[in-house]
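Asks: Predicted model follows, preceded by the sequence.
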Amino acid sequence: MSSQYITVRETAQILAVSEKKVMDLIESGSLQAYKIADQFLRLKRNEVVNIRTTGQVVSENITQSYTSSERVHDFFYFNDFYLIAFGVIGVLLYIIFFTS
């Protein structure tokens, strides 16, 4: 299932342009961007698709690979709270059940 809000990288992939071009479109007002938690820049998927279908943005011949190291970095960056919470719960369960 697709998320309503997408990242700058996903927007660049949908429009077939560079991430810099997406940032330029945001700064010029052609694309509306939203800050979530006052930190992450997101765009509405339906607005991006509408711009792509109307042909307002000329696609570039840019190939951007999302490397495995970037995927791992993003996984830990966006899920750090959950990983720490599972670790704390595991330690507490160990203390409760295996120490006397």
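Replies: Yep, that arrived.
Asks: surely Ile51 meets Ile26?
Replies: No: in this structure, Ile51 sits apart from Ile26 without contact. The criterion is Cβ atoms under 8 Å, and the distance is 11.5 Å. Backbone N, C-alpha and C define where each C-beta goes, glycine included.
Asks: Flag every buried residue along stretch 31-39.
Replies: Neighbour-count burial for stretch 31-39, counted by 16 or more other Cβ atoms under 10 Å, picks out Leu31, Ala33.
Asks: same check, this time on stretch 90-100
Replies: Of all the residues in stretch 90-100, not one is buried under the rule 16+ other Cβ under 10 Å.
Asks: With just CA atoms, put it into PDB.
Replies: Output of stretch 90-100 as PDB, limited to C-alpha atoms (Å, rounded to 0.1, in the frame of the first residue of the first chain):
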ATOM      1  CA  GLY A  90      14.500  -8.000  26.200                       C
ATOM      2  CA  VAL A  91      16.800  -6.900  29.000                       C
ATOM      3  CA  LEU A  92      13.900  -6.400  31.400                       C
ATOM      4  CA  LEU A  93      12.400  -9.900  30.600                       C
ATOM      5  CA  TYR A  94      15.800 -11.400  31.100                       C
ATOM      6  CA  ILE A  95      16.100  -9.800  34.500                       C
ATOM      7  CA  ILE A  96      12.600 -10.800  35.500                       C
ATOM      8  CA  PHE A  97      12.800 -14.500  34.400                       C
ATOM      9  CA  PHE A  98      16.500 -15.500  34.600                       C
ATOM     10  CA  THR A  99      17.900 -13.700  37.700                       C
ATOM     11  CA  SER A 100      17.200 -14.700  41.200                       C
END
